[in-house]
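>>> need the 3D shape of this:
(2 chains)
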Amino acid sequence: MSAPGWSFGLPLLTKDLIEQAAHRRTYILRVVYAAVLYGAALWIYVDISGGGSQAEVLSRGQGREMFLTLVAVQLWAVIILLPAISSGAITSEKERDTLGLLLLTQLSPTTIILEKLISRMVTMGTYQLLSLPLFAVVYGLGGVELFEILAAIWYLAWWSLVIGAISIGCSAWHRTTAGAFISAYAVMPLVVCFAMSCQSVLSPAVAEIWRPSGEMSALQYFVASLGTIVLLLAMSVPMLLVTWFVVAFAQMHLLQRAFVPPRNLLLEFFKGLDKFFEDLNNQTTSGILLVRDIDTGPMFDPIAWRETRKRSLGTVRYLFRLLIVLEVPLAIAISWTVTDHQSSSFDGPTTFFLCLLWPISVLAIVVHTTNVIFAERSRQTLDVLLVAPLTARELVTQKLAGVRRLIAVLSVPFLTLVIFQATWTLYVVRGLGLFGRGSDNGSVFVHEILGMVLALIAYPRVVQWLSFHFALRVRNQTQAVLWSLVTIIGLCGFPILVVELVRAISSISPHDPAVNWILWLSPIRVLFHRMIVEASQWPGSTADQVVQDYWFVGLTLNAITWVGIWLLLRLRAMRDFSSLMGRAEPSGAEQ
Amino acid sequence: MLAVDVRDLRVKYGRLEAVKGITLEIPPGEVFGFIGPNGAGKSSTIRVLATLQPKFEGRARIMGLDIRSKPHLVREKIGYVPDFFGVYEDLTAREYLHFFAAAYRLPVSKRKGVVDDVLQLTDLTNKIDSPVDSLSRGMKQRLSLARVLLHDPAVLLLDEPASGLDPRARIEMRELLKALKEMGKTILISSHILHELAQLCTRIGIIEAGRMVTQGSVAEIYRELGVLKIVHVQVANQTPELIASLKGLAGITQVEDQADRISIRFEEGSIEVEDIHDFIHNQGARIRMFQPEVMDMETAFMKLTEGQTA
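Purely as a prediction, here's the structure:
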């Protein structure tokens, strides 16, 4: 019996759908997604019902809150899940050397791109279909017009198409799924901003027609509805243009970039940087070298030698130059803050830099750590390494030498930033001496420094060992990166979620010590401590005492938790490395 | 003490039993050829011996060391070449060999001499500072062999070392293996290139569907398989009745009516070749060709195996 897709002439779409259906993760993700969606809906329902009867809830017409939440959850799902689902669409064919075979068939590049895109749209569509019963509930609760629900579905479908097309475009361009995935997230904000700014011109008119004042006759209602549909279609034009542009881009580059060799972009970046600095040095000092790199070869720790010397971030020169690359924009941000004489530094460019640097650092550590294992797997060098007479501990420790160096380099701009922000706040903004008047401000300085020391010691290492943990357990690097990022976000958000849940189901005060201690378990609480303190000191804020009082216990709890997670993950990695890599280790008695 | 001692080895991947009770004894200095179709269980067996397959049943020892309880010691006794190159392409040949010399903890003072020696043995001295990714497939494979010789292991486990090489590279590889044989290394080599193994190996084992079909010296295998004789016959006036009467002849096990000949198989001792000739002649057939065949290794392999996987 032939599959329907073959008879309709969509072989690639059929193949991709069969492949996706065969993956266990498809079903796991769908169940998790449904749980989140229905959980959010239930939470809001409990919130709006306020213990009243069903009839009372229905009479209030409070479906709007649930409607907005559902749309938001679905939009976030599209933003988070779709690049993950779609980025590997074409790169996986490149990685398996099957794209060449596809291009030799009668399928045109446009057909390949469109069938790949549709296959991902179908998968995303199955996620979005899960929300239909909830939209029915929303409509039943009242407060939402049918047009609004239809418009939301229309809107979500378009965003899915745009983001899916961007991911497919990146997949056509890149050699590896990891590269396509990262690029999709880098490109997405630009394209989305363009489409949204186009839409923002049209949206006021839509809103006016949706919510006309006063009572409407049937004819007026019909005309308004018709107008809404026309405007919705008009609002879809920018998205259509973006999709068309991205698909055309993908189609153009599919053949052109079908056989590009794998590239180490980070290494190429460093090599480019190296050449730039060498030229600069030759022009300015006629090539004087203050520090000469001497490579003695792999003397005692060969794997660590290769990880640090033969890959990116190798030599002292590179490290110094990387520091300059990181510190120059930071210096600009600092001088901007200084010359701008802002009353508070936390909303200035340095804080923006800090907020940007953490995600970038986490991503760099995750990608670098997972690559430690997957580079060996893709080069098929893992087996020859595993039969060397080195212990699992030696193998793991040496393999992660490059990551440790990366963490050390990334720590420098963080420390620079923290010291600047703390001193700027104390000396300039507040006009206080260190630990002088206003002990609160002095303590904030101490809190910040201690918090950042903890953050720099524990958090990057948790990220490192967590990524290593997934790299050992999953089949490809993209999955390992995704699982690592999702787990990190989950670990950071979990205490906040717990607090919100507790507060939703009980009458516990936000000033309760237990609530604050739970919040302190999240790294977000430590990293943004000063911001929270400054926010608490705004006029009218009642949180001042709360954020100050639990600092010591909170930070201690956080330190114990995250250092504990770090050590636990490290222990497990050392213990499980051999068994997960399929390497025999000494066991019981000889048989 | 046996160099390789495997008793009733069983390897399972989930529900699939890839190796079903293989027993293997290889004394020191022997070159044992492991022959079998794809998926027969050769690589699984070699991976057990290379300490890369911790889950197995039965006993496996290298130089008297149990793989289950002393894998760390076994690693010092073996040199493993997988069925892929396993080379770091971002290093030069010199860096690659020094990398593994350090990994095998060779004394720093001896490393340069050992690296030079193995490069000379593998005829790669002139490529010492070439990047590995610039080497040909044959050179990469020789570099892999150079790697496993660094720590002077007693046992070499070579999984399809000639796979994917051109004829010249295969001949070079064969000559290199002969040199290693002369050095007294115990070699367990799997390959599909049967006639090359026949020239090189002191003993061979034929494996199919996870089971050892037969093992012994090349001469023993020939002798064993010689029992199954075959005669190719061409007659000018072939008829269906002739085929039917041949099938009915006592001692004949199989008669194949092929496009250009009749292939008759029979057991040694059950009937004489001359009797078959006389029988065909007496049936009134005019014999154009009558050719009793001595089976070569490839035929033996095809005879013994049916291309089954575990």
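>>> residues making contact with stretch A:568-579?
Applying CB atoms under 8 Å, 6 or more residues apart in numbering or on different chains, the external contacts of stretch A:568-579 come out as A:392-393, A:395-396, A:461-462, A:465-466, A:468-469, A:472, A:583-585, B:54. In this view, the C-beta of every residue, glycine as well, is placed from N, C-alpha and C.
>>> show me what counts as buried in that stretch.
Residues of stretch A:568-579 classed as buried: A:Leu569, A:Arg570, A:Ala573, A:Met574, A:Phe577, A:Ser578 (neighbour count, 16 or more other CB atoms under 10 Å in any protein chain shown).
>>> what do you get for stretch B:14-31?
Using 16+ other CB under 10 Å as the test for burial, stretch B:14-31 gives B:Glu17, B:Ala18, B:Val19, B:Lys20, B:Ile22, B:Leu24, B:Ile26, B:Glu30, B:Val31.
>>> and stretch B:160-171, by the same measure?
Those would be B:Glu160, B:Pro161, B:Ala162, B:Leu165, B:Ala169, B:Arg170, for stretch B:160-171 by 16+ other CB under 10 Å.
>>> redo these as JSON lines? Include pLDDT and distance to A:Asn281.
Output for the buried residues of stretch B:160-171, formatted as JSON lines (pLDDT from 0 to 100; distance: CB to CB, whole Å):
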{"residue": "B:Glu160", "pLDDT": "86", "distance to A:Asn281": "50"}
{"residue": "B:Pro161", "pLDDT": "83", "distance to A:Asn281": "48"}
{"residue": "B:Ala162", "pLDDT": "77", "distance to A:Asn281": "50"}
{"residue": "B:Leu165", "pLDDT": "76", "distance to A:Asn281": "46"}
{"residue": "B:Ala169", "pLDDT": "79", "distance to A:Asn281": "45"}
{"residue": "B:Arg170", "pLDDT": "81", "distance to A:Asn281": "50"}
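>>> can you list these in TSV and add distance to chain A and secondary structure?
Output for those, formatted as TSV (distance: CB to the nearest CB, whole Å; DSSP: H, G, I helix; E, B strand; the rest coil):
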residue	distance to chain A	secondary structure
B:Glu160	13	coil
B:Pro161	13	coil
B:Ala162	17	coil
B:Leu165	16	coil
B:Ala169	19	helix
B:Arg170	21	helix
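>>> out of the residues you listed, what pair is the most spread apart?
Using CB to CB, the buried residues of stretch B:160-171 reach their maximum pairwise distance at B:Glu160 and B:Ala169, which is 13.3 Å.
>>> closest to A:Thr308 among the buried residues of stretch B:14-31?
Taking CB to CB as the measure, A:Thr308 lies nearest B:Ala18 of the buried residues of stretch B:14-31, at 38.8 Å.
>>> contact partners for A:Ala195?
A:Val162, A:Pro238, A:Met239, A:Val242.
>>> farthest-separated two in those residues?
Distance extremes for those: the farthest pair is A:Val162 and A:Pro238 at 9.2 Å, using CB to CB.
>>> mind checking which of the contacts of stretch A:568-579 are buried?
A:392, A:395-396, A:461-462, A:465-466, A:468-469, A:472, A:583-585, B:54.
>>> how about the helices in the stretch 151-300 of chain B?
B:167-182, B:194-200, B:218-226, B:240-247, B:273-282, B:297-304 (DSSP state H, counting those that start in this stretch).
>>> in CSV, list the buried residues of stretch A:568-579 along with pLDDT and secondary structure.
What follows is these, written out as CSV (pLDDT from 0 to 100; DSSP: H, G, I helix; E, B strand; the rest coil):
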residue, pLDDT, secondary structure
A:Leu569, 94, helix
A:Arg570, 94, helix
A:Ala573, 92, helix
A:Met574, 92, helix
A:Phe577, 91, helix
A:Ser578, 90, helix
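>>> list the contacts of stretch B:65-77.
With CB under 8 Å, 6+ apart, stretch B:65-77 has contacts from A:387-389, A:391, A:583-591, B:48-49, B:51, B:54, B:59-63, B:104, B:151, B:153-155.
>>> how far does that stretch stretch from one end to the other?
End-to-end distance of stretch B:65-77: 9 Å, with CA to CA, to the nearest Å as the criterion.
>>> same question for stretch A:370-384.
End to end - CA to CA - stretch A:370-384 spans 19 Å.
>>> list the buried residues of it.
Buried-residue list, stretch A:370-384, by 16+ other CB under 10 Å: A:Thr370, A:Asn371, A:Val372, A:Ile373, A:Phe374, A:Ala375, A:Glu376, A:Thr381, A:Leu382, A:Asp383, A:Val384.
>>> that stretch close to chain B?
Yes. Counting by CB under 8 Å from any CB of the partner chain, chain B is contacted by stretch A:370-384 at A:Arg379, A:Gln380, A:Thr381, A:Asp383, A:Val384.
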